[in-house]
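>>> whatever this is, show me its structure:
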Amino acid sequence: MTRLPAKTAFLAAPLILALAACGSGEEEAAGPSAANGEPVASVTAPEGQSWSETISQTAEGGYIMGNPDAPIKLVEYGSLTCSHCAEFSAAAMEPLRTEYVDTGRVSFELRNFVRDPIDITGAMLTRCGADESYFALTDQFWANQPQFFEAVQNAGEQAYQSAISAPDNQRYVAMADITGMFDFFAARGISRDQAISCLQNAPTATQLAENTQTQGEQFDITGTPTFLINGRKIEALTWPEVQTALQNAGAR
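Now for the predicted structure:
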């Protein structure tokens, strides 16, 4: 497996890289840190709230869902252009919310691990609305992932290269145009003008790339999705594997 190129070097990647397969590199991961942990008690959400509706940004650049003081902290490093991440989203999000996050035992944090210009454009747009919309927009992007690949393939290599060669404040606007993301996000409450404003914010793109680089090195992330439980990388790629790790950590 090839490690993600350093910092923003991936912006010059050819179209074939943007559509490349992904993987977790889980063969290098450590097992769950609390394989024989005692069951953890549930924690009731504040009156009138549910933990799965409690969403905020984190210092690491991710978004966390659930009890911020949950004793079991699940983190996913995910890429919007990764098919395995899309599969995990489809299988995991409903049971993860209802059976784990809503108990207050588990919090779930998603950190964008950007691999290519399509990925970083989508990541900027999922962050363009309120914090509460981030997970819904991300899951819907994954559910519709093939349409973005098809659109950029139909646009062709020349249009793709032209987009990634554009000035910083226009690069992701051009990428959103050729992938059809403007219409996709407009149908979900983010107007074209709002999206353009978000995509012209070059520091956001730079921060996403830098987080990918520094945290990738910190946790030895070689592919996506990669999962941490309480700060330790686990051997997991699919929802059944992650669920088993959560239960072993005490979420039962």
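>>> could you export the helix or strand hosting residue 214 as CSV, CA atoms only?
Here residue 214 sits within helix 202-219, counting by DSSP states H and E. What follows is helix 202-219 as a C-alpha-only set of coordinates in CSV (Å, rounded to 0.1, in the frame of the first residue of the first chain):
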residue,chain,number,x,y,z
ALA,A,202,-7.7,28.2,1.2
PRO,A,203,-6.7,27.9,4.9
THR,A,204,-9.3,25.2,5.4
ALA,A,205,-7.8,23.1,2.6
THR,A,206,-4.3,23.6,4.0
GLN,A,207,-5.4,22.6,7.5
LEU,A,208,-7.1,19.4,6.2
ALA,A,209,-4.0,18.4,4.3
GLU,A,210,-1.7,19.2,7.3
ASN,A,211,-3.9,17.3,9.7
THR,A,212,-3.8,14.3,7.3
GLN,A,213,0.0,14.5,7.2
THR,A,214,0.7,15.0,10.9
GLN,A,215,-1.9,12.7,12.3
GLY,A,216,-1.1,10.1,9.7
GLU,A,217,2.5,10.0,10.9
GLN,A,218,1.4,10.1,14.6
PHE,A,219,-0.8,7.1,14.3
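>>> same question for that helix: list its buried residues.
204-205, 208-209, 211-213, 215-216, 219 (16 or more other CB atoms under 10 Å). C-beta coordinates here come from the backbone N, C-alpha and C atoms, glycine included.
>>> show me where the stretch 1-150 of the chain has helices.
15-18, 83-95, 117-126, 134-143, 145-155 (DSSP state H, counting those that start in this stretch).
>>> out of those, deepest packed?
Using mean count of other CB atoms under 10 Å, the stretch among these with the greatest mean number of neighbours is helix 117-126 (a mean of 26).
>>> okay, now the unreliable bits of the stretch 151-252 of the chain?
Scanning the stretch 151-252 of the chain for pLDDT under 70 picks out no residues.
>>> and with 90 instead?
The stretch 151-252 of the chain contains residues with pLDDT under 90 at 168-169, 252.
>>> what about the helices in it?
Secondary structure of the stretch 151-252 of the chain (DSSP H, counting those that start in this stretch): helices located at 157-164, 168-179, 181-186, 192-199, 202-219, 239-248.
>>> who wins for proximity to residue 79 among the ones you listed?
Checking these against residue 79 by CB to CB gives helix 202-219 as the closest, at 9.1 Å.
>>> packing partners of that closest one?
Where contact means 3 or more CB pairs under 8 Å, 6 or more residues apart in numbering; DSSP states H and E, helix 202-219 is packed against strand 72-78, strand 106-112, helix 117-126, helix 168-179.
>>> would TSV of those with distance to residue 47 be doable?
Output for the helices and strands packed on helix 202-219, formatted as TSV (distance: least, CB to CB, whole Å):
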stretch	distance to residue 47
strand 72-78	23
strand 106-112	19
helix 117-126	30
helix 168-179	41
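>>> rewinding a little: how far does the helix holding residue 214 sit from the chain's center?
13 Å (CA atoms, centre = their mean, to the nearest Å).
>>> orientation of that helix relative to strand 106-112 in degrees?
Per axes from the mean of the first three to the mean of the last three CA atoms, to 10 degrees, the angle that helix 202-219 makes with strand 106-112 is 120 degrees.
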